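A.B. asks: structure for this input, please:
(2 chains)
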Amino acid sequence: MNTAHYISLTPFDLLLAVGLIVIAAAISTALKLGLTRSLGLAALRCMLQLGAMGLILKKIFQINTPLLVMAWLLIMLLFAGREAVRRSKTKYSGINLDALVTMTVSSLVAGGLVTQMVLRVHPWYDPQYVIPIFGMVFGNSLNGICLCLDRLTEYVKSRGMEIELMLTFGATRAEAVREGARQAVRTGMIPIINNMTVAGIVSLPGMMTGQIVAGASPMQAVAYQIVIMFMIAAANALGSMSIATLAGRRLVTDFGLQFQRHEKP
Amino acid sequence: MTVFECGPIDYSTDKGDRVLNNIQLKLSSPCLAVISGPSGCGKTTLLRAVAGLNRAQVKTRKIDGQVFPPGTLPLWRSRVTLMLQDAPCIQGTVLQNLSFPYGFKAAQPRIFQEKRAAKLLQAVNLGHITMDTNTSTLSGGERHRLALVRGLLWAPPVLMADEPLSGLEPELADSCFELLMDYSRKADAVVICVLHEEKFSEKADKRFKIEHGTLHIPDTV
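C.D. replies: Have a look, this model is predicted:
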């Protein structure tokens, strides 16, 4: 990497950046948006969380043992799984396990393939690559899984009668929920398709921007970005499919729907 | 001849109220049975329990001596088919609503016969609607008749119907009841209906009443 043009930031530079938040806050106050407080809090949280993250990463990079890297990935995974459930509008019993299993499978496959087969990171756990790449998989799978889950639970709730009708004519659970699962997986995959479609035209993706600023050649940054986007697409497809299957099995049980309407005797 | 056996069936609500108590069904075709009883007595719960659509405890499900364990519920439901209360439709056309079950694995070896479907639509006085009519435009009575056509076309050895005639004009209700009766005879099938009207109970081969969670054969009038 060519680091000749890389500009290191000092605490003073950060202080100047705070000025930008002050501009946003001033607008909020002037227009009485009532956002000043939450803006301030969000900015503070952002600084503290990222700061903590920086310190942790620094430590992990220094110690650089596979166990520590894996432990950190596990923590990220647990948080991502929890967040996926928290963001879902409808909960069902078993949702936590489903989200966690899905998150694990989709990110392990996609992130694993990229770090081990495409980048061939050496050593295999090199935190400089493994942590940010898995972070991106987690963050993006999370979105896909949430969207997919919301769509599916919504489908089962609003079209439960149809599912039941299919069951009465001998549909298996999978057959009865197939259309809902199909729609849900589709919903989960649309954002990444949109992102890939406009990449480079409407938006310069964050990772690529970061690499260019850090001094990487634009073509290298582009190559990385492509790998990452494909990885996210794979993770989203896997994640959506997996959560739709798992959730479908729970929502449509052998005995009808989990969101059973109150049964009239 | 079809021999249909199901039970003993027990069902208690989450609160612990006993809705069905040790009910045993055994019917041989041809037979049209009518189940009646005050609303809330457990008629729907009973049919849903037979179909495996609630948490009822159902010890055995049998047709002609063949036992259907819980893992074979789809196959059982394709043979012992319940026409649900309120006649729900799937989103889409009349054709889709009549033909969707034939795509399921359990449907084998049934094939959707469009001509027969058209005939049955005529028979229930739905000759005016076409196969590409969207079911969202149908009235409640029309949906009930469409559901009846779907059930008769599917032709299971045991057809259960939860208030199949509700919302129908008296004359239409009569002719639809006749269709169900006919079906039990011609297809040599067992038909079990939940119906309120006394006149239909009187015509049935067998009549049952659910009282306090148990099945009674009411005194003939």
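
A.B. asks: remind me, longest helix of chain A?
C.D. replies: Longest helix in chain A, counting residues (DSSP state H): helix A:218-251.

A.B. asks: and whatever helix or strand comes next after that one, is it in reach of chain B?
C.D. replies: Where DSSP states H and E defines the elements, the next helix or strand beyond helix A:218-251 is strand A:252-253. No: under the criterion of Cβ under 8 Å from any Cβ of the partner chain, chain B is not reached by strand A:252-253; the shortest gap measures 9.4 Å. The C-beta positions use only the backbone N, C-alpha and C, and glycine is treated the same way.

A.B. asks: what comes into contact with the helix or strand just after strand A:252-253?
C.D. replies: With elements assigned by DSSP H and E, the helix or strand that comes after strand A:252-253 is strand A:256-257. If you take Cβ atoms under 8 Å, 6 or more residues apart in numbering or on different chains as the criterion, strand A:256-257 is touched by A:156, A:160, A:163, A:164, A:167, A:251, B:48, B:53, B:54.

A.B. asks: neighbours of the fourth one, just the number please.
C.D. replies: Right, residue A:164. Here the count is done by other Cβ atoms under 10 Å in any protein chain shown, and residue A:164 has 22 residues near it.

A.B. asks: quick check: mean pLDDT of the strand or helix carrying it?
C.D. replies: Secondary-structure assignment from DSSP H and E places residue A:164 in helix A:160-168. The pLDDT scores in helix A:160-168 average 96.

A.B. asks: now the angle between helix A:218-251 and that helix, please.
C.D. replies: Computed by axes from the mean of the first three to the mean of the last three Cα atoms, to 10 degrees, the angle separating helix A:160-168 from helix A:218-251 equals 70 degrees.

A.B. asks: so which of the contacts of strand A:256-257 comes closest to residue A:96?
C.D. replies: residue A:251 (14.9 Å; Cβ to Cβ).

A.B. asks: what's the burial count for that closest one?
C.D. replies: Residues near residue A:251, counting by other Cβ under 10 Å, number 25.

A.B. asks: again with residue B:7
C.D. replies: 22.

A.B. asks: was I right to think it contacts residue B:20?
C.D. replies: No: counting by Cβ atoms under 8 Å, residue B:7 does not reach residue B:20; the two are 9.4 Å apart.

A.B. asks: before we move on, the earlier item: what residues does the helix holding residue A:164 touch?
C.D. replies: Contact with helix A:160-168 is made by A:156, A:173, A:175-177, A:180, A:252, A:256-257, A:259, A:261, B:51, B:53, B:74, B:77, B:81-84, B:86, B:88-91, B:100-101, B:104, as judged by Cβ under 8 Å, 6+ apart.

A.B. asks: the same query, at a cut-off of 7 Å, please.
C.D. replies: A:156, A:175-177, A:252, A:256-257, A:259, A:261, B:51, B:53, B:77, B:81-82, B:84, B:88, B:90-91, B:100 (Cβ atoms under 7 Å, 6 or more residues apart in numbering or on different chains).

A.B. asks: now the helices for the chain?
C.D. replies: Going with chain A. Using DSSP H, helices in chain A cover A:11-30, A:36-63, A:66-87, A:95-112, A:127-158, A:160-168, A:173-198, A:206-213, A:218-251.

A.B. asks: other chain: chain B
C.D. replies: Counting by DSSP H, the helices of chain B are B:43-51, B:73-79, B:94-99, B:114-123, B:140-154, B:170-186, B:198-203.
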